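Visitor: Provided below are the primary sequence and the corresponding predicted coordinates.
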Amino acid sequence: MLNGSGIKIFSGTSHPELAEIIARRLGLTLGKASVTKSSIGETDVCIFESVREDDVYIINTGSDKPTSVNTSLMEMCIMIHACKIASSKRITAVMPLFPYARQDKKDKSRAPITAKLVANMLVKAGCDHLITMDLHASQIQGFFDVPVDNVRENLYAEPSAILYIRTHFNLQNVVIVSPDAGGAKRATSIADRLGVDFALFHKERKKANEVSRMVLVGHVKDKIAILVDDMADTCGTLCLAAHHLSEAGVQTVDGRPQVFAIVTHGILSGNALKNVEESALEKLIVTNTLPQGENQRMCTKIEVIDIGNVLGEVIRRSHYGESVSKLFHEVPY
């Protein structure tokens, strides 16, 4: 809990529900601000209370709607700038899903490194600190010239996932599975801390978001298979992995293969919900870094883990200058 002295929390329009959860965790109310669009589509921001010499936290995630990603980013930049020129002491951007995180490298001729551009935009606007969750690539932290608390390397959604697995499954029958080689480090970390087996898929792509072949490496027969990943977009990889795990002889209950997936960011674009509903997945567990209410109404297999308390504790520790390393391994109460 905070006493409210010297700290202000504001929310953009992308995920006000998460902002409210974080504010309640801290015993605060959200700062008074207005974020609207003009008749020609320009973002208009008004801060209705003094932020002079305050420690300001602005919460706005990358949007789950393709048309709103750029809007969320512009809202964040404009709100940062508004607080900066109003003499805030320090401004922290809280972006649970960092926009353009998958555009983190120059993988073909004349390709932009858009994640670096976004980092430059935030810092130039006046951002002094970034709090994000499970960056797609940890090296994005190096794009910033200001401190970055990344919930993968620093805060991690991992403790929340581990807590969920411990409380919902018999660990003697669990195997953690990475849907690709790139996620092996994440999956092995979780498997090691749970003391369970690990498996992974080697996958080949014809093009982005289209997997041509997957080969399972590891033993899953008669086990509860739990796929772990940083984000679920079209869910093609997860659904194909679930199908292969089902064929590999995972444990079944009433004829249903016990294949679960736990991901940090449930983007769920395109036909993702339909794909999940019709897949061999028993359940897709996502965190609320993005709004999931509508997705849950449209797909019965979606379950949400609340990470608002984790982000709230990070803000509290950041404000008081405390270490956040404890949160690498524990979920705050």
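Guide: Everything's here; your move.
Visitor: show me the biggest helix of the chain in terms of residues.
Guide: Criterion DSSP state H: the longest helix present in the chain is helix 69-84.
Visitor: starting at the chain centroid, how far to it?
Guide: Distance, stretch centre to chain centre, for helix 69-84: 19 Å (CA atoms, centre = their mean, to the nearest Å).
Visitor: Output that helix in CSV with nothing but the alpha carbons.
Guide: Taking Å, rounded to 0.1, in the frame of the first residue of the first chain, the C-alpha atoms of helix 69-84 are listed here in CSV:
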residue,chain,number,x,y,z
VAL,A,69,-1.9,-0.6,-31.5
ASN,A,70,-0.7,2.7,-32.9
THR,A,71,-3.4,4.6,-31.0
SER,A,72,-2.1,3.1,-27.7
LEU,A,73,1.4,4.0,-28.5
MET,A,74,0.6,7.6,-29.4
GLU,A,75,-1.5,7.9,-26.2
MET,A,76,1.5,6.8,-24.2
CYS,A,77,3.9,9.2,-25.9
ILE,A,78,1.5,12.1,-25.6
MET,A,79,0.7,11.4,-21.9
ILE,A,80,4.4,11.1,-21.1
HIS,A,81,5.1,14.4,-22.9
ALA,A,82,2.2,16.1,-21.1
CYS,A,83,3.5,15.1,-17.7
LYS,A,84,7.1,15.9,-18.6
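Visitor: And the next helix or strand past that helix?
Guide: Following helix 69-84 in sequence order, the next helix or strand is strand 90-95 (DSSP states H and E).
Visitor: Outside of that following strand itself, list whatever touches it.
Guide: By CB atoms under 8 Å, 6 or more residues apart in numbering, the residues outside strand 90-95 that reach it are 22, 55-62, 76, 80, 83-84, 122, 126-132, 311, 315, 318. (Glycine included, C-beta is placed from N, CA and C.)
Visitor: and it, which strands flank it?
Guide: strand 55-59 (parallel), strand 129-132 (parallel) (DSSP bridges).
Visitor: where does the stretch 151-300 of the chain have low pLDDT?
Guide: Along the stretch 151-300 of the chain, the model assigns pLDDT under 70 to residues 151-158, 204-212.
Visitor: Swap in 50 and give it another go.
Guide: 153-156 (pLDDT under 50).
Visitor: Just the strands from it, written as ranges.
Guide: Applying DSSP state E, counting those that start in this stretch to the stretch 151-300 of the chain gives strands spanning 174-178, 197-207, 210-217, 224-232, 252-253, 256-257, 259-266, 283-287.
Visitor: Out of these, which gets nearest to F98?
Guide: strand 259-266 (9.4 Å; CB to CB).
Visitor: hmm, who's touching the closest one?
Guide: For strand 259-266, the external contacting residues (CB under 8 Å, 6+ apart) are 64, 96-97, 133-134, 151, 157, 161, 164-165, 224-232, 238, 242, 245-246, 250, 280-287, 289-290, 292, 295, 302, 304-305.
Visitor: try it again with 6 Å
Guide: Residues outside strand 259-266 that contact it (CB atoms under 6 Å, 6 or more residues apart in numbering): 97, 134, 157, 161, 225-232, 238, 242, 245, 250, 280-287, 289-290, 292.
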